[in-house]
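Novice: Give me a model of this one.
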Amino acid sequence: MQIAVLGTGRVGSQLARGLAAAGHRVVLGSRNPDARAPGTEPVVPVRSYADAVADAEVVLLAVPFAAAAELLVGLGDLGGRILIDATNPIGVDTAGRTGADLVAAAATNARVVKAFNTIGAEHMADARFAGGAAFALLAGDDEAARDVVGGLAEALGFEPVHLGDLATARHAEAAARLWIHLVFARGYGRDIGVGLLRRPIPPLSTARSTKESQVSKKILIVASNPTVSAQTGWPVGFWLSELTHPYAEFVQAGYEVTIVSPDGGPIRPDDYSDPRHESGYSADDILSLGFLSSPRHAGLLVDTVALSQVDPSGYDAVFLVGGQAPMFTFHNDERVHRLIADAHQQGKVVAVVCHATAALLKARTPDGELLVKDKTWTGFANSEEDAADAAVGRKLQPFRIEDEARAITGTNFIVQRAFRPHAVRDGNLITGQQQNSGAAAARLVIEALGH
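Specialist: Presented below is the predicted three-dimensional model:
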């Protein structure tokens, strides 16, 4: 996403650095574009305000509040762009109005979202704390714009919290005043953030009998059959750690695990996911190496059962493994789409990781709606595709999951920083961003099943 960050002070510089690190194309806007923003060059170029905004999809306002109105009036028509207001009207007489309301009044044809105003600048690029993620309070009249900003917040390590329409920005500005009071008046120091504490998410069913609770849960792991990439002509398969790491989590939880594939027969991992491969890419994946070195476990990949030969209704959860092959197999396989939709309809836990989420672009509920409608989910990010393409010097995939997902109306696709473990639960749908997220997704499955 092309983002213009207006303001080269500490807030703007840190947000620009964090968003660039998350894979976005970021330009800083400045009154003095010849001046460098500390800590941002050469990754983030500096332009005039007008030049920075010209190609931007999202504009982030990070100048002092007193300078905001004049800047926005000077920019003129923003053409329906999302305008993120990260300012705070501290020490300014707003005549009882919120700062966000005044920003919206000064901006022409912009979808204003209040965000990124409740934490110190030094934590803007990484909002993770020992107790969890700091929240990013989001207020705006345009729900789709709030969703986009929520995704940006996730990429920076925040937990997005949707307050509601722009009038609710008063709560975000009050939270900013609280942070300032704690830091400067009460001496708590700048290394604090405000977040939400939750009790553990309840299992899907809390009404299990004692006998039921003693019965081992059954997990159906589905991995792609090997194929040849229509994009590169290379043989491709499933990503090994996305199978072995969840497998280990499930077995340690006492679950019974069955590994299947759509067609049955032998399945093979992508070369770069094999810790024995000469590239050394996954050489440190000791868990996967142990799996392959065990005759009993390696044998589970030699002759998998075909989907048509199993009854998914006999399982408590379905877990789909990613890799390069699912982009050419799961994406168009109606058997896989039907498995996902039927299991979800039956209230079973459905987990989909990495490129296996290509199937979610087409899986539909019985009423014909995409299963991801009104869902928050994740999958392989554009920043990760960029890194993969750069590593081999060519385009690897025929399309990008993030691009396709963001083109869907009425769904909330979010990503974190590239290759950082990230899994999301929305009801009984669980998704993992990439190969480092398999174990995290499996733990959410265990949580959803109750133990």
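Novice: So, low pLDDT: which residues of this structure?
Specialist: Within the chain, the stretches with pLDDT under 70 are 35-43, 198-215, 451.
Novice: And the strands in the stretch 1-150 of the chain?
Specialist: Applying DSSP state E, counting those that start in this stretch to the stretch 1-150 of the chain gives strands spanning 2-6, 25-30, 46-48, 58-61, 77-85, 108-114, 128-129, 132-133, 135-140.
Novice: and of those, who's closest to A306?
Specialist: Comparing those by their distance to A306 (CB to CB), the top pick is strand 132-133, with 41.6 Å. Quick note: C-beta positions are derived from backbone N, CA and C, even for glycine.
Novice: Tell me which residue lies farthest from the centre of the protein.
Specialist: The centre of the chain is farthest from one residue, A95, which by CA atoms, centre = their mean lies 39.1 Å away.
Novice: that older thread, how about a markdown table for the strands of the stretch 1-150 of the chain, with mean neighbour count added?
Specialist: Shown next, in a markdown table, are the strands of the stretch 1-150 of the chain (neighbours: other CB atoms under 10 Å):
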| stretch | mean neighbour count |
| --- | --- |
| strand 2-6 | 25 |
| strand 25-30 | 24 |
| strand 46-48 | 17 |
| strand 58-61 | 26 |
| strand 77-85 | 21 |
| strand 108-114 | 23 |
| strand 128-129 | 16 |
| strand 132-133 | 16 |
| strand 135-140 | 26 |
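Novice: Compare those and report which one is nearest to R394.
Specialist: Closest among the strands of the stretch 1-150 of the chain, using CB to CB: strand 25-30, at 20.8 Å.
Novice: if we can go back for a sec, and the gap between the residue farthest from the centre of the chain and F399?
Specialist: 51 Å (CB to CB, to the nearest Å).
Novice: same thing with P64?
Specialist: From P64 across to F399, the span is 42 Å (CB to CB).
Novice: ok, now F184?
Specialist: Look at F184 and F399: by CB to CB, they are 50 Å apart.
Novice: what about the helices in the stretch 351-451 of the chain?
Specialist: 382-392, 401-406, 438-449 (DSSP state H, counting those that start in this stretch).
Novice: most tightly surrounded among those helices?
Specialist: Across the helices of the stretch 351-451 of the chain, averaging neighbours per residue (mean count of other CB atoms under 10 Å) puts helix 438-449 on top, at a mean of 23.
Novice: other SSEs contacting it?
Specialist: Contacts defined by 3 or more CB pairs under 8 Å, 6 or more residues apart in numbering; DSSP states H and E place helix 438-449 against helix 241-252, strand 317-320, strand 349-353, strand 423-426, strand 429-432.
Novice: Next, the angle strand 349-353 makes with the first one.
Specialist: Our comparison of helix 241-252 with strand 349-353, counting by axes from the mean of the first three to the mean of the last three CA atoms, to 10 degrees, yields an angle of 150 degrees.
Novice: quick one: buried residues of helix 241-252?
Specialist: 241-250 (16 or more other CB atoms under 10 Å).
Novice: I'd like these laid out as CSV, including distance to A86.
Specialist: Formatted as CSV, the buried residues of helix 241-252 follow (distance: CB to CB, whole Å):
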residue, distance to A86
S241, 37
E242, 36
L243, 41
T244, 42
H245, 37
P246, 38
Y247, 43
A248, 42
E249, 38
F250, 42
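Novice: which two in those residues are spaced the farthest apart?
Specialist: Going by CB to CB, the pair spanning the buried residues of helix 241-252 furthest: S241 and F250, at 14.3 Å.
Novice: I appreciate the help and will end here.
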